[in-house]
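K.L.:
sequence and predicted structure are below.
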Amino acid sequence: MTTAPARAKPDSAPVIGESAFTLQLLEDALAEAGGATAELVLIRQRLALTRFARGRVHQNVEEESARLVARVWSDDGRGIRAADGADALAPRELLAATRGQPAHASPPTPHLPSTAPKAETATWFDSTAAADGEARTAIAAEAIARAGSLELSGHLRVAVQDLTVVNSAGLRAHVPLTFASFIVSAVAEGGVTGSASRIDRDLARLSIEEAVDEATRIATASRRPLPLADGDYRVILDPAAVSMLLLNLGIIGLNSFSAAGEEKGSSFIASNRGEAVASSAVTLVDDGQAEHGLPVGFDLEGCPKQQLTIIDRGIAAGVAHDLETAARAGVDSTGHGMLPGAKGPTPTALRIESGSDTRDDLIAGLGRGIVIRRIHPFVSLRGGPGAEVSGTSRDGVFVVENGEIAGVAANLRWSCSAVDLLRSVEAVSRERSVEFMDLPEFFPSTNDVPSLLCGRLHVHGAQPRE
Amino acid sequence: MSHPESLRRAVDAALSQGAQHVEARYGRETREVLTLVDGEVSASRRDETAGVGVRVLVDGGWGFCAAADDDPTVLAERAIALARASSRVGSREVVLANVAAVKAEHKLVGERDPTNVSLQERLDLLRGVDAALSVSGIVRREVNMEIRREEMLLVTSDGSEIQQELALVGGGFACKAQSNGRSATRTYPHHGGWSYATGGFEWFDEIDLEGAAPRIAAEALLLLDAKPFSSAVTTVILDPMMIGTLLHETVGHATELDRSLGEERESFGATFVTSERVGTYPYASPTVTVTADATYPGAAGSYRYDAEGAPATCVPLIEHGVLVGLSTSRECAAELGQATTGAARASSWNRIPMARITNLVLQPGEHTLESLIADVDDGVYIATDATTDIDDNRELCAFGGEIGWRIRHGRLSEPLSRPIIYGDTHSFLRNCDGVGSLEETQVSGIAGCGKGQPWQFVTTGQGGPPARFRNVQLGWEGG
């Protein structure tokens, strides 16, 4: 077995938040790359996570990492090489190593950006960066205490990041970032649950108490559920359910909101472009410059994050591009680039435009039906032109009779054509909330969405809770 | 930086500062991915990562600190601070199941270390598969290969020093048929065109991608004319890939003890399985015996030692239908007063060990695929996992295949496109009335089994022989 060489960390090694050394290192490497079309992306981050359950902190972890990804385009193709740790401070060697890789099928060389905009809002907050293990466990303790007799599971994550993108077109983009996120799930009598999550660049703005109260309120309200009879129901999907549905349709599985999905043939947006895929009440955009999207200014290829309209008053409009899908399609990048080798262009700041009704109006308008608060992230994505999907609910289903909440149903299986579901949207709530999910990729998914009143969802099977 | 001595110093430093238990773990992983699309290289990537993580237990609290290039002793000090902070919230005595101290070196790279196989040979293999898929009507071909190397050096305060080096190989293909506005995709061995194994490059000879390609391409073409299937409660026979996915979701994750204790609840949920049910709970029919076997030769979730230094084991989870075991780490095993099952895995140097699926194997029964089919008057045979979901308590679940065949009067008849079955864990497994033979057993591998926060993705193996299930809901009305 080989062990790592004893490689000293340079005295002048960069620390998060200081970039001059890094930029010079990367620029020098590019200068020696012999005029090749090349890009270097360096991500340094300190991730910390404090996790709790059963009244105690069972995990308190911190990690520091640096990851460098090199891409070089030449006449006979493209090479990618990635490394971390000490090797992340060796961009020259990494660029050279890409040449040892087999040539790609000559994709069009992308038009690399030469400038990158800064985010219009602050990306760095000292309150987040300074949160150490003591501070995080104190927050966990407060959350546990606030839940009272209900058992609480959850975690607080704090990320301090430093993103640098340089390329042979002269781009020198750098941004320091922070974010904090909190997810909590409360358990009430009979094992029913309620969950809530919050995310913000500023830990001080993270409303921990509200999240705990929301989770415990839902769990308590979900007690003593009854199985729902199979059949078609009118349904209100609350923001957490809407967000998870979008995440599965657009990002995790079908890639419907991305040119990668268009290339694979799995995007119902691309395959129905110009056609109605939703009711006219639905307008879906991705806006990485909006406050809810944890704005950065530019993506992981240094391209400005642009607002992308995916569904325009019900009509399938556009999909997200990165540099390479844009080059292949003969269009410009929309600023949705992620690290090479990941899922391709990814919209991570989705927003459905608000309607004029309140959520109470939606419930009144539902007449008889159900309210699904959240769907479980694990969804069967069968795809096709109608985007066939099936999954299960989580955290309580509320039964509505005569326009009022009348009972609680057990978690259930639902299935639908997503296109049919979106076409059946009758009303969109005025209220909205930001729902997020941690993705293994760099940017978390943060969606700002309202509740939707949909005309038909098929329900079949109730959670047995054996 | 990461020689045993530096890890020993970190362990000693943590002990001197009051730690009850310390693990210092160096890891290095390389990953090389190669993909051909329509005969041309579409992805060629090499990733490398290396670093050290130190985990400590102080006054009943855990702390873990990892970095790529810091002195392990510094990491130990920071982990101590984290552990002390943890210990102030709901502190309780933490006991770890005993593990015998061991000094060991283990290397599993197969007969032909895959990292030493030339790029040209790798490309030649993929091009051979591509050529075998190049038949009329196939409009898109994708052939994949991945070579991984994982090195671990673990030093613990129990006195263990373990060096472990594993090679992982992965590969497969997908092909898309298209005609008259219809299209169908078949993949092999798993949906998406991947499977994984531990060992050498000779694995590619064993799975014979090139040999399987003509059959899979022919099935893709066959699916173009497949009729839609009707919703029905029927008898279903699942192939080893479908069995693997079924076991992974309904048994593997459901029997992780930390999940049972609520420690995964806010993420992907809990489980209906509780430790009180071990020994009595009727999980499945008596025909079903399932093991979690980290020693299974060549399987993707095989190793010699886990990330806590415990030896890999083969543990029965379900024996003749009864829940008899759970997958554990040292901490949660001790809560049951049991030995660890050696299933504490960490996806990399920067992640903590946690109870994980290793290799799930349905033990062979008395049947063969032929005899299982022969005893079905009207049913469906489903092959190659395509879609899966399961709820937050591991109960409501659905499994979709890429292809199926209607069974009529004991024989396979017309093909079905993307059949899906759904129901709940209990009724699925309790309605199993026949399991195929040892000779028909296939244990395939996946690379993306996710769990934990921050996310951890590990390779796992799963499978067995084909098996038959009665009274299964196929498809659904109105969905």
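P.N.:
Cool, the structure landed.

K.L.:
show me the shaky parts of the chain.
P.N.:
Here I'm looking at chain A. Within chain A, the segments meeting pLDDT under 70 span A:1-21, A:75-78, A:84-89, A:98-107, A:440-442.

K.L.:
chain B, not that one
P.N.:
B:1-2, B:476-479.

K.L.:
please enumerate the strands of the stretch 251-400 of chain B.
P.N.:
For the stretch 251-400 of chain B, the strands defined by DSSP state E, counting those that start in this stretch cover B:290-293, B:314-319, B:322-323, B:344-345, B:354-355, B:359-362, B:378-390, B:396-408.

K.L.:
packing partners of the first one?
P.N.:
Read it as strand B:290-293. Applying 3 or more CB pairs under 8 Å, 6 or more residues apart in numbering or on different chains; DSSP states H and E, we find strand B:290-293 packed against strand B:314-319, strand B:359-362. Where C-beta positions appear, they are placed from N, C-alpha and C, glycine not excepted.

K.L.:
can you list contacts of the first one?
P.N.:
For strand B:314-319, contacts defined as CB atoms under 8 Å, 6 or more residues apart in numbering or on different chains pick out B:251, B:255, B:283-284, B:288-296, B:323-327, B:341, B:343, B:360, B:429.

K.L.:
if any of these are buried, put those into a ChimeraX selection.
P.N.:
Only the buried entries of these go into this ChimeraX selection, using 16 or more other CB atoms under 10 Å in any protein chain shown:
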select /B:251,255,283,284,288,289,290,291,292,293,294,295,296,323,324,325,326,327,341,343,360,429
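
K.L.:
quick one: the helices in chain B?
P.N.:
Along chain B, counting by DSSP state H, helices occupy B:4-16, B:72-87, B:119-133, B:203-207, B:209-223, B:240-247, B:257-260, B:330-335, B:369-374, B:425-430.

K.L.:
relative to A:Arg374, which of those is closest?
P.N.:
A:Arg374 sits nearest to helix B:257-260 of all the helices of chain B, at 18.8 Å, using CB to CB.

K.L.:
quick one: contacts of the closest one?
P.N.:
Helix B:257-260 is touched from outside by B:253, B:264, B:269-271, B:273-275, B:326-329, B:332-333, B:335-336, B:354-355, with contacts defined as CB under 8 Å, 6+ apart.

K.L.:
any chance of the helices of chain B in JSON lines, plus distance to A:Thr348?
P.N.:
Listed next are these as JSON lines, based on distance: least, CB to CB, whole Å:
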{"stretch": "helix B:4-16", "distance to A:Thr348": "37"}
{"stretch": "helix B:72-87", "distance to A:Thr348": "29"}
{"stretch": "helix B:119-133", "distance to A:Thr348": "33"}
{"stretch": "helix B:203-207", "distance to A:Thr348": "37"}
{"stretch": "helix B:209-223", "distance to A:Thr348": "34"}
{"stretch": "helix B:240-247", "distance to A:Thr348": "28"}
{"stretch": "helix B:257-260", "distance to A:Thr348": "28"}
{"stretch": "helix B:330-335", "distance to A:Thr348": "35"}
{"stretch": "helix B:369-374", "distance to A:Thr348": "45"}
{"stretch": "helix B:425-430", "distance to A:Thr348": "33"}
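
K.L.:
tell me which of those helices sits nearest to B:Gln456.
P.N.:
helix B:257-260 (12.2 Å).

K.L.:
quick one: distance of the closest one to the chain centre.
P.N.:
With CA atoms, centre = their mean, to the nearest Å as the basis, helix B:257-260 stands 17 Å off its chain's centre.

K.L.:
with stretch A:35-43 instead?
P.N.:
25 Å.

K.L.:
go on, stretch A:169-186?
P.N.:
The answer for stretch A:169-186 is 12 Å, by CA atoms, centre = their mean.
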